[in-house]
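Asks: Test case, fold it:
(2 chains)
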Amino acid sequence: MSTHHIEMTLNGLRCAGEVEARVSLADFLRDDAGYTGVHLGCEHGVCGACTVIVDGQAVRSCLMLAVQADGAQVTTVEGLAAPDGTLHPVQQVLLDEHALQCGFCTPGVVMTLAALTSDGQEPGEEQLLGALSGHVCRCTGYQGMRRAARKLAGAAAGEAP
Amino acid sequence: MKPAPFDYVAPATIDEACAVLAQAGGGATVLAGGQTLMPLLNLRMSQPFIVVDITRIAELQGIRRADGGTRIGSVTRQCELIANEVLARDLPVLVQAVRHVGHHQTRNRGTVGGSIALGEPAAELPAAAVALGATIEVRSTRGTRRIPAAAFYLGPYMTTLEADELVTGITFPDWPPGHVTLFCELAQRPGDFALVGMVGALALEGGKIARAGLAWFGMGPTPIRAQAAEQMLLGQLPAAIDAQGVAERAVADTAPFDDLRASAEYRRTVGKRIFARTLREALHIGEAA
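Replies: Sure, this is the predicted structure:
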């Protein structure tokens, strides 16, 4: 059973810790770093609730060991809103479109859409809707999320939201 | 945390990784993308003594032209195939197939070699490797083996890979420019395991089919090459092809299972139908041809 020293940039801050090899990134983020916005549903990679951004890409934090994130840039849902509380555009559009009810799946959905729309990327509607298929929501029926995704695709294409 | 305790190493070279695998005597597990291994660890269905993370090995990364083909390093992420210009031009069916592997979020981590080495019978990439005639390169301290994909798969999750061997790359042979691609899949939801699917390519010469590679996935214990159907197509003018007849012949060689999601009979019926339709569309032939 090996223990490892890891360092990562977590929500813009340097974060270091000692982890056992078997600790998942999700457990590290929740239990060691305190970012409980990382929700754990299935721990099999099916539900998508634990999705975070690692080096610019949306990934399942339950399907990655914490030690694998050594040296990475990691963003959780806590890292999106501005310090003054202004919501990230993805959070705002999900709110506007009533894309959540209980909110359990929401952090994962937010992180997937945020990764695909960051850094001036211009994802198409098909790409955003396709990426939503990696999230299970048992409340909303998905229609609000789909509207939000269409709005984000439109915004990226320069159409009025 | 859910997995049983294990040691973790992330070697920097293939040689180091092979040395660890050789020393572990079967107690090691290779971690590539982890998108299947992590659930197995979490469920304790896999309890290795040591996990060998190969994703930091630079030699195993990337897609490049090789002699007469395209070589994909085993830890190349599945998402990299979607954006790759070489593949879009030379092996478009692989790009089509990889879009059906898991979800966007799992393709960002999942690797080509991981999917190839796992041997999930319903997986797209092993079937594509079989259909297109790919060669799987494996290394150990004992040397290098190059195994044709058609000889690599023995049964569900069973391959000819030994416990001390590491998949280092997959080489897909060139298909002529402008070859016809075939891909169809039925799944209950996007990203779910395929109930049934077919992947392949056809090359025409002088208007006739000169080369054919077809393989089913989800239709038996391994990817299943539709050899008899390939033979029926060879030498034919597209307009003379009886797509229904070819599909019936292709299904005759399969051995699908009954499971919770679909019966074997359902897979055969639907497989035949979607393959016939895909063949007609790919060759622009009518229903009555």
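Asks: Checking the most centrally placed residue in chain A next. Helix, strand or coil?
Replies: Taking CA atoms, centre = their mean, the centroid of chain A lies closest to A:Met111, which sits 2.5 Å from it. Under the three-state scheme (DSSP: H, G, I helix; E, B strand; the rest coil), the conformation of A:Met111 reads as helix.
Asks: bridging residues for the nearest residue to it once chain neighbours are set aside?
Replies: Spatial nearest neighbour of A:Met111, excluding adjacent residues (CB to CB, 6 or more residues apart in numbering or on different chains): A:Thr51 at 4.6 Å. The C-beta positions use only the backbone N, C-alpha and C, and glycine is treated the same way. Here A:Thr51 shows beta-bridge partners A:Arg60, assigned using DSSP bridges.
Asks: Hmm, A:Thr51 is touching B:Gln105, no?
Replies: Yes. Under the criterion of CB atoms under 8 Å, A:Thr51 lies in contact with B:Gln105, with a separation of 5.6 Å.
Asks: between the two, who's got more neighbours?
Replies: Comparing A:Thr51 with B:Gln105 by other CB atoms under 10 Å in any protein chain shown, the one with more neighbours is A:Thr51, at 35 against 30.
Asks: how far away is the residue nearest to A:Met111 from A:Val110?
Replies: The gap separating A:Thr51 from A:Val110 is 9 Å, by CB to CB, to the nearest Å.
Asks: could you say what helices and strands whatever helix or strand B:Ala276 lives in packs with?
Replies: When secondary structure is defined using DSSP states H and E, the element that contains B:Ala276 is helix B:264-283. In terms of contacts (3 or more CB pairs under 8 Å, 6 or more residues apart in numbering or on different chains; DSSP states H and E), helix B:264-283 is packed against strand B:180-187, strand B:194-205, helix B:243-252.
Asks: nearest to chain A, of these?
Replies: When these are compared by CB to the nearest CB, strand B:180-187 sits nearest chain A, at 10.6 Å.
Asks: distance between the ends of stretch B:172-189?
Replies: End-to-end distance of stretch B:172-189 (CA to CA, to the nearest Å): 29 Å.
Asks: In JSON lines, list the helices and strands packed on helix B:264-283 along with mean neighbour count and mean pLDDT.
Replies: Listed next are the helices and strands packed on helix B:264-283 as JSON lines, based on neighbours: other CB atoms under 10 Å in any protein chain shown; pLDDT from 0 to 100:
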{"stretch": "strand B:180-187", "mean neighbour count": "20", "mean pLDDT": "97"}
{"stretch": "strand B:194-205", "mean neighbour count": "24", "mean pLDDT": "97"}
{"stretch": "helix B:243-252", "mean neighbour count": "20", "mean pLDDT": "97"}
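Asks: Now distance to chain A too, for those, in TSV please.
Replies: Putting the helices and strands packed on helix B:264-283 into TSV (distance: least, CB to the nearest CB, whole Å) gives the following:
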stretch	distance to chain A
strand B:180-187	11
strand B:194-205	14
helix B:243-252	28
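Asks: Switch those over to a markdown table; also include distance to B:Gly113.
Replies: Formatted as a markdown table, the entries for the helices and strands packed on helix B:264-283 read as follows, by distance: least, CB to CB, whole Å:
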| stretch | distance to B:Gly113 |
| --- | --- |
| strand B:180-187 | 21 |
| strand B:194-205 | 18 |
| helix B:243-252 | 28 |
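Asks: Out of these, the one nearest A:Ala131 is which?
Replies: When these are compared for distance to A:Ala131 using CB to CB, the nearest one is strand B:180-187, at 16.6 Å.
Asks: Walking through the stretch 51-200 of chain B, point out its helices one by one.
Replies: B:78-82, B:85-90, B:92-98, B:104-107, B:112-118, B:124-132, B:149-152 (DSSP state H, counting those that start in this stretch).
Asks: what do you get for chain A?
Replies: Remark: helices assigned in chain A by DSSP state H are A:25-27, A:89-96, A:106-117, A:125-132, A:143-156.
Asks: and of the ones you listed, who's closest to B:Ile224?
Replies: Of all the helices of chain A, the one in closest proximity to B:Ile224, counting by CB to CB, is helix A:125-132 (28.1 Å).
Asks: can the closest one be found next to chain B?
Replies: Yes. With CB under 8 Å from any CB of the partner chain as the threshold, helix A:125-132 lies in contact with chain B, specifically through A:130-131.
Asks: Show me chain A divided up by domain.
Replies: Partitioning chain A according to automatic domain parsing yields domains covering residues A:3-77, A:89-156.
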